[in-house]
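**Q** From the sequence below, what's the structure:
(chains A and B, ligands or ions: 2)
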Amino acid sequence: MKKENQHKIIFLPANRTGYFEHGITVRDAALELGIIIESDCAGIGSCAKCKVEIKQGADSPTIVEQQLLTPDELKKGVRLACQSSVSADCMCLVRTTLKPEEVRIMTEGLLTDIDLNPDIQKVLVQITPAQLGEKYFDFERIIESLQHQGYGISDYDFQVTRDVARTLRTNDYRITAVIERERLIAVEPGDTTQVLYGVVVDIGTTTVAIKLVNLVTGDVAAVNSAANPQAAHGADVVSRLNYIIQHPGGLKRLNQLIIKLINALIRNLADEAGIKLDMIYKIVLAGNTVMQHIALNIDPRHLAHKPYAPAFQGPATLAAVSLGIKINPHGICYAIPNLACFVGSDITSVLTILALDKQDEFQLAIDMGTNGEMVIGSKDRLLCCSSPAGPAWEGACITWGVRAVYGAIERAEIENDELHFRTIGDGDPVGICGSGLIDIVCEFLRAGVIDKSGRILNPVQLPTDKISRLTDFVAGGKNGSRELKITEIDNSNSITVSQDDIREIQLAKGAIAAGVSILIAEVNISPDDIAAVYIAGAFGNHIRAQDVLDLGLIAKISPEKIKFIGNAALTGAEAILRSGKARERAEQIAKKIEYIEIADEPAFQDSFVESLHFPIESKRSES
Amino acid sequence: MTNYNELQECIIKGNRIKARELTQECLDNGNPAKEILDEGLIPGMAVVGKKFQDGEYFIPEMLVSARALNIGLGILKPLLEASDVKPVAKVLVGTVKGDIHDIGKNLVAIMLRGSGFEIIDAGVDVSPEKFVQMAKESGADILGLSALLTTTMTAMKDTVDAFQADGSRDKIKIMIGGAPVTTDYAEKIGADGYAPNAAIAVEMAKTLVGGSR
Ligand code: B12
Ligand code: FES
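**A** Ligands and ions are numbered 1, 2, ... in the order given. Got it, this is the predicted structure:
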């Protein structure tokens, strides 16, 4: 009900209504109602991604809005949700919200010889009724029976002792014990050994991916993903940390956002697979170090400043209920150990299913996220670093950039001077996701429309015999710069790639390339010596080996050595759920890996600047 | 009247060797250092700035041009000092405390230097106290602060406040920049100006000193 000094806001198209104090920003109000409005700048007012249309009762636009919005937009009632505040009853149209189910990420990766032998197990226990005068107690007899079957129990959840007498007697002394390693966590009536599920979650800064696994058959029961709702408080981990530092209760708020999302996702998966939440006894969490701190409700603020000290490495095993995660109330949460301040348990997961640390020759793994994280390794040495690429790969900070959602251009190719592209789900194009952007840039590079310095060439400056139909794509853009017109979406709007967008890509790829070259130099080899390069990331589609080379992420190596492994973090976490051995492996890797802080590397800056160019001899640029 | 097109072109293209040769040649022909600066180096750098702003040039191209510029300036500097030619103004630049990103700040410094300003570079991770001290020692007219992290933007405010506390705020103009910084933020913390890129930073600096001169 509306109280005094409150205003009513209706959000469309979700059709959710709420009553808010005078002066709350539209963005905060939306979030209260579970509506996520895009944001790259954490509401500072610099990204202009949070556009909404306010239909009635809007206050007058702020200076920031007047700067960031066109007169046309202002006339139409377009506002920035983070800037406009609620000062009367109003109606607000949110067009840019990405519905979680529309977000697609690569959920395939590598999984090599992971046996199905999880830490969580169910064991059937059948005991004979105690006879009068016998010394045995119910609970201790269960433990003894388990011991007989080869399951040493060194610990138990005390709650089990409260349920046990009745459960035994109502089920002919036949029960199923649920064991997590040497800990007895629950008993279920009768034989339920054929029903046991676990979930794995990869909490990315931008995207959260989740998988439900049947731990009896080993089958994947369902997969899903959603945008991380914390994104409303900043696109990258530093902005999130800043939010926590600047807002009392900020940690709790971010924690609740992610826990609520995880619970919603688990529910969806369970419904899809037709199972009950009670059947899920285990959740395994992977994510970057900051995301994991927040999910576990550990204050991460000291990661924001030098020397970037995480509060905790992990691993951690704790009761899922203690985090508010809704699976079986006795269920267990396992948080995979982190590797360093900006190298998280997502990379631990990736390393678990790769074999970098087992080969004679060096191999390289790169996770191209907002923070590029990379590892080089052989059986002698395992070394990681992180490089701050920025969120360009996931579409942020790019004019028409979007995450891998329905309608995103995910693939592009130039053939006979014509540009062909494909969108996700074959939908009408709404923007460009990472893989599409990389394709477009590399194709125009190879065609010579973009030169190796990253400049979009001016068609009139090209010799006439060099002008191809492709130069028709080049148009005049913002303040004297040029842009590539990719496709029209209506009479007045075209999806474009601007010169600035290409510069963003150059900064991002330069950061990754510089990180890679520091690793290579540190182990004292030449790029040629690298036996394999694994590339992970959530770009939408895979990126081509040739694009990896033409971007210059790594110096010349043969393209056959480059393998794309998609969202390998989720696959790795799945391995850790499936197999106690894989979990042990993850923990060993976390112990032995070395870390280089590139901010301390004098070589970084030179290498970064050198890597800003594209190492490509394009067809026309030299003329 | 010497034609400075060729020297300008060396700066634009970043041709170090020729920049050295031509600057020397101009001097040998008896052209005053001030003229070579004003009609050769500075206009060349202005084109570089324009190209950067238009997206034609990016960081590496800027750095290459900067090297050619510095060679020319290096030759002229003793002569300019000897003939008592004053720079447009003195600018103290630096990246704020807790932040070590300096590429953007360096580009700003390059463009200012190439527009006739004298630059004193305080480096990175510079505390507010250090800025106050260096401003005093150098007699800088303008302070240019850079921050690239959302978490270190607050150090800009601390720096402005430190000048206030020291009582020397009205002796210096403060302009700020860096990716997360906005005009609004500049206003909020009481800085005198903000520029989104190195080319506009030059305009800003000129306006800031224009007022006081
Ligand atoms: C290179 C880089 C680094 C290098 C810096 C090397 C160096 N010597 O500068 C290294 C590796 C050291 C580094 C470290 C870190 N980085 Co960093 N880094 C970048 C990167 C890739 C490019 C920045 C850059 O040089 N841009 C190019 C220059 C030319 O642009 P610019 O600085 O904006 O400058 C222009 C204007 O802003 C303006 N301007 C700049 N200064 C000034 C000053 C004045 C007075 C005026 C008027 C104008 C002005 O003019 C310039 C030219 O036109 C960005 C990502 C990106 N895509 O931008 C991340 C980025 C800035 N880094 C980031 C992070 C998180 C970090 C680390 C915390 C992470 C880590 N993994 O360790 C550390 C922090 C270190 C520290 N204490 O400062 C984040 C910041 C996120 C945030 N919300 O704050 C970014 C955005 C990447 C990301 N999204 O994750 N980084
Ligand atoms: S401008 Fe509103 S969130 Fe960035």
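**Q** Output the set of residues of the stretch 401-550 of chain A in proximity to ligand 1.
**A** Applying CB under 6 Å from any ligand atom, we find that the stretch 401-550 of chain A lies next to ligand 1 at A:504, A:507-508, A:511. Any C-beta I mention is one placed from the backbone N, CA and C, and that applies to glycine too.
**Q** how is the chain carved up into domains?
**A** You didn't pick a chain, so chain A it is. Annotated domains of chain A cover A:6-97, A:120-189, A:197-335, A:347-392+A:505-610, A:394-499 [automatic domain parsing].
**Q** Please refer instead to chain B.
**A** Following automatic domain parsing, one finds the domains of chain B at B:5-82, B:90-208.
**Q** so does the longest one get close to ligand 2?
**A** No - contact between domain B:90-208 and ligand 2, assessed by CB under 6 Å from any ligand atom, is absent, since the two come no nearer than 9.5 Å.
**Q** That domain and chain A in contact?
**A** Yes - Domain B:90-208 is in contact with chain A by CB under 8 Å from any CB of the partner chain, via B:98, B:100, B:103, B:149-151, B:180, B:182-185.
**Q** quick one: that domain to chain centroid distance?
**A** On the basis of CA atoms, centre = their mean, to the nearest Å, domain B:90-208 is displaced by 10 Å from the centre of the chain it belongs to.
**Q** pLDDT averaged over that domain - what is it?
**A** The pLDDT scores in domain B:90-208 average 95.
**Q** do the same with the shortest one
**A** In this model, domain B:5-82 has an average pLDDT of 94.
**Q** Ok, stretch A:497-507 next?
**A** pLDDT averaged over stretch A:497-507 gives 95.
**Q** Same check on stretch A:372-380?
**A** The average pLDDT within stretch A:372-380 is 94.
**Q** So, low pLDDT: which residues of chain A?
**A** A:1-2, A:34-36, A:39-42, A:96-113, A:463-467, A:478-479, A:617-623 (pLDDT under 70).
**Q** Please list all residues in contact with the residue nearest the centre of chain A.
**A** The residue lying closest to the centre of chain A (CA atoms, centre = their mean) is residue A:204, at 2.5 Å. Going by CB atoms under 8 Å, 6 or more residues apart in numbering or on different chains, residue A:204 touches A:228, A:287-288, A:291, A:346, A:369, A:538, A:569.
**Q** Let me know the closest of the residues you listed to residue A:156.
**A** residue A:287 (29.8 Å; CB to CB).
**Q** Verify the stated contact: the closest one with residue A:202.
**A** Yes - judged on CB atoms under 8 Å, residue A:287 makes contact with residue A:202 at a distance of 6.2 Å.
**Q** Doesn't residue B:119 belong to a helix?
**A** No - secondary structure of residue B:119 (DSSP: H, G, I helix; E, B strand; the rest coil): strand, not part of a helix.
**Q** Could you report the neighbour count for it?
**A** 19 (other CB atoms under 10 Å in any protein chain shown).
**Q** rewinding a little: ok, of the residues of the stretch 401-550 of chain A next to ligand 1, which one's closest to chain B?
**A** Nearest to chain B out of those is residue A:507 (CB to the nearest CB; 8.5 Å).
**Q** Without its sequence neighbours, what residue ends up closest to that closest one?
**A** Among residues not flanking residue A:507 along the chain, residue A:390 sits closest, at 6.3 Å (CB to CB, 6 or more residues apart in numbering or on different chains).
**Q** circling back: pipe the domains of chain A into TSV and attach distance to residue B:11 per row.
**A** As requested, the domains of chain A are exported to TSV (distance: least, CB to CB, whole Å):
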stretch	distance to residue B:11
domain A:6-97	33
domain A:120-189	68
domain A:197-335	37
domain A:347-392+A:505-610	19
domain A:394-499	17
